[in-house]
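# Quick one, fold the following:
(chains A and B)
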Amino acid sequence: MSEKPKIGLYWCASCGGCEESVVDLAEDILGVVEAVDIVFWPVAMDFKRADVEAMEDGSITATLINGAVRTSEQEEMVRLLRRKSAVVIAYGSCAHLGGIPGLANQFDREQILRYVYEEAPTVSNEAGTRPSTEHRFNGDRATLPSFHHAVRALDQVIDVDYYIPGCAPTPKLLKQAVEALLTGALPPKGSVIAPDIALCEECPRKDSKPEDLHIERFHRPHAVMADPDTCLLAQGIVCMGPATRGGCEALCIKGNMPCTGCFGPTSRVRDQGAKILSSVAASIDAEEEADIIATLETIPDPIGTFYRYGLPGSFLRKSLSQSS
Amino acid sequence: MHRKEESGETGVPWRPRIVAFFCNWCTYTAADLAGVSRMKYAPNTRIIRVMCSGRIDPQFVLDAFTEGADGVLIGGCHPGDCHYSEGNYKALRRYHLLRRVLTGMGIDERRFRLEWISASEGDKVKQVINEMVEQLQQLGPLDLPTERMRLDSELEEMRPRRSVIDISEELKEAAHV
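I've put the predicted structure just below:
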């Protein structure tokens, strides 16, 4: 009975959506629970860190870790789970490439702390108190984890065996991955467990994408009524489809919203943001330098648009402290 | 920020390193002409020949900076002169958008430059490279590899570099004439 494969689930810098996606297996979760022993899942079950520490090294069959790594506690936990697990899976965009929390890599730690604890309009903190890693009061000592200088994808901290992409991953992908784990039909180490094709390949609007795009200006999705049947890029809406891995079955497109890139790049691309930047820029109509600049200005936030889920995993990783 | 003014511990004074992507038909030929004409210009540039400035993937530029370039220079045919009719327009559009990303990430815009240099403008190659070297001398080293190592020293244990697709292969292919 106790020979069932052991599964662990853990979260780091994340929103909880990945945990939700596990529950979204709905009745299929019963099959999973039948087939495996969940030995660690702080969100849903009462296991403590000491329980993990007591396990033998490598005794957890697989641990799914979601969220990026920002604090010393997260770093400690993922190192511990790495030691205890035979297979570690980076689950979701944040663990895969840094995710939304990774956008904080546009700023320095000091800038972030100053804004959050002093400058934000809703903050009242005249003494300028900041969280400290250690505080003594009446002979007691309280500690907090330290806040790293950068957000990191999971594989920038520990060795990762597989990746399941998405913000959040779809239940279908999770189910496929769990089945692969249970049957031992695993792809080569380092694989992203999702189709290795661009989203455009599975897009229902594929046929309406012109051979050559001639974009005159870009429109932000909230500012226009997009035609529900035409390629969004052809309508001047930045869609990350050409540079993003498929496998989500074009969920956002079916909701008449552009792809924002949460599945990361295909295996042939190293830097998703640079790749979509290349494609989008080349597709504009203007030829005169001033017109080119004016058209590109209609994309107000290139980093937040092209690197929405992947800044820590990109070439540049983090902004430099001062202009260099 | 820590500024390394000398390369390694050898005590050799730091010199800026420029990676230049020159198109086969205009700028590379101009650089060749500058050489044949025995023009002297600063020796800090590694020239990579590509068939067209439109072939320069923004990933190549980011990879060059990540690997330690202090500046990246793109050279292509003048507007209207592209051997493939509009590759240089694509390069110009990508250049402007990529420049915004680079400055947003704290990289000074003078480190990334695009110039139209026709096959007969050997003297312009000399002038642009000399100018850029001088500007980079003033800016000092960028040295992203050291900067990244310094950043990762906050971890309990340093990870070896993320295993990635080696785009140098693609670069070799692009440069193949």
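# residue contacts, the nearest residue to residue A:218 once chain neighbours are set aside?
Sequence neighbours aside, residue A:298 is the residue nearest to residue A:218 in space, at 4.2 Å (criterion: CB to CB, 6 or more residues apart in numbering or on different chains). The C-beta positions use only the backbone N, C-alpha and C, and glycine is treated the same way. By CB atoms under 8 Å, 6 or more residues apart in numbering or on different chains, the residues touching residue A:298 are A:217-219.
# if I look at the residue in the stretch 201-324 of chain A positioned nearest to chain B, how far off is residue B:67?
Relative to chain B, the nearest point of the stretch 201-324 of chain A is residue A:320 (3.3 Å; CB to the nearest CB). Counting by CB to CB, to the nearest Å, the separation of residue A:320 from residue B:67 is 16 Å.
# So for these two, which sits in the more crowded spot?
Between residue A:320 and residue B:67, counting by other CB atoms under 10 Å in any protein chain shown, residue A:320 is the more crowded of the two (16 against 13).
# Quick check: chain neighbours aside, which residue is closest to the more buried one?
residue B:106 (3.3 Å).
# Quick one: the strands in chain A, in order.
A:6-11, A:37-40, A:60-66, A:69-71, A:85-91, A:134-137, A:140-143, A:147-152, A:162-164 (DSSP state E).
# picking up where we left off before, which one of the contacts of residue A:298 is nearest to residue A:87?
Nearest to residue A:87 among those is residue A:218, at 42.0 Å by CB to CB.
# Report the central residue of chain B.
residue B:72 (2.0 Å; CA atoms, centre = their mean).
# Am I right that that residue falls within a strand?
Yes: counting by DSSP: H, G, I helix; E, B strand; the rest coil, residue B:72 is part of a strand.
# contacting residues for it?
B:18-21, B:61, B:64-65, B:111-113.
# From residue B:125, how far off is the residue in chain B that chain A sits nearest to?
Minimum separation of chain B from chain A (CB to the nearest CB) falls at residue B:106, amounting to 3.3 Å. Noted for residue B:106: a distance of 29 Å to residue B:125, by CB to CB.
# circling back: Serialize the contacts of residue A:298 to JSON lines and add fields for neighbour count and pLDDT.
Shown next, in JSON lines, are the contacts of residue A:298 (neighbours: other CB atoms under 10 Å in any protein chain shown; pLDDT from 0 to 100):
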{"residue": "A:217", "neighbour count": "14", "pLDDT": "96"}
{"residue": "A:218", "neighbour count": "20", "pLDDT": "97"}
{"residue": "A:219", "neighbour count": "16", "pLDDT": "97"}
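# what angle separates the lowest-mean-pLDDT helix or strand in chain A from strand A:6-11?
In chain A, no helix or strand scores lower on mean pLDDT, DSSP states H and E than helix A:28-35, which sits at a mean of 85. When axes from the mean of the first three to the mean of the last three CA atoms, to 10 degrees is applied, the directions of helix A:28-35 and strand A:6-11 differ by 130 degrees.
# List the buried residues for helix A:28-35?
A:29, A:32 (16 or more other CB atoms under 10 Å in any protein chain shown).
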